[in-house]
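# Please work out how this folds:
(chains A, B, C and D)
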Protein chains: 2
Amino acid sequence: MGVSKFENFSTKQNLIASYSKALSHPARVAILEEIIKKKKVTCGHLVQNLSLAQSTISQHLTELKNTGLIHGDVLGSSVEYSINQKHWQKQKSVVEVFFGKVKF
Amino acid sequence: MGVSKFENFSTKQNLIASYSKALSHPARVAILEEIIKKKKVTCGHLVQNLSLAQSTISQHLTELKNTGLIHGDVLGSSVEYSINQKHWQKQKSVVEVFFGKVKF
DNA sequence: AGTTTATATCGCAATGTTACGATAATACTC
DNA sequence: GAGTATTATCGTAACATTGCGATATAAACT
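Have a look, this model is predicted:
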């Protein structure tokens, strides 16, 4: 029991769910806002600005990377994270279409 | 450990996270789509259309109700669920502002 | 090569989510 | 009132998520 039954739902429904899940924790929202503000941001910068351990932030970054919202460019010994414009726009439009289904 | 540190983040960040969490499971996306399509929908109707147990669907409905996205009107022995237009619009605008922060 | 710096990954504990069956609660029907 | 129908809640099992410290990995610097 307790196992999510993703196969019962459409690809589109799973896509919306997966995109929304990326934003479903305030730490990830905060990370994205910081990336947007600074354009490029390292893990170390985020560690200094958010009150979370380095390993925790790295984990959130990996999640955001996996959904496609950001990408990391290796720069010497550090990694610069920035918004993946293509996926951002895709998620933006998918979510907006969903919310637009309700007519006022 | 493993306890989410919501207090480290702003009210706005927690709001976006909480709204997004409501859409972070395909069953809830499917439920919302069905409600939008039919305008009003009972729990029983959803049980017939989604392959999930009655108790599971009732649980998802309660979650959607708690975030404010839908409300239920008692109608005899059943309950008719519909979109809470006010909260829907609020969530729509909060999410759109967030996505709009990235300029292309 | 050894040291420092930056990030990722592992292992684990605490908590949260998802699903179901069983049962309770409420409102109609006879 | 007894029986039926509809929804909510309880209890519980199986995962999943979040967080941290410790450790691994990789690049840069002496």
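
# Skipping adjacent residues, who's closest to residue A:9 in space?
Distances taken as C-beta to C-beta, 6 or more residues apart in numbering or on different chains place residue B:26 nearest to residue A:9, at 3.7 Å, with adjacent residues excluded. For every residue, glycine as well, the C-beta is placed using N, CA and C.

# Could you report the separation of the residue of chain A found nearest DNA strand D from residue B:13?
Here the residue of chain A nearest DNA strand D is residue A:2; by C-beta to the nearest atom of the strand that distance is 2.6 Å. Remark: distance between residue A:2 and residue B:13 (C-beta to C-beta, to the nearest Å) = 29 Å.

# Helix or strand: which one has the residue nearest the centre of chain A?
In chain A, the C-alpha nearest the mean C-alpha coordinate belongs to residue A:64, at 3.5 Å (C-alpha atoms, centre = their mean). According to DSSP states H and E, residue A:64 maps onto helix A:54-67.

# dump the residue contacts of the nearest residue to residue A:51 once chain neighbours are set aside.
Nearest non-adjacent residue to residue A:51, counting by C-beta to C-beta, 6+ apart: residue B:8, 4.7 Å away. Contact analysis of residue B:8 by C-beta atoms under 8 Å, 6 or more residues apart in numbering or on different chains lists A:26, A:27, A:50, A:51, A:52.

# my read: the last one touches residue B:5, true?
Think residue A:52. Yes: counting by C-beta atoms under 8 Å, residue B:5 is a contact partner of residue A:52 at 6.9 Å.
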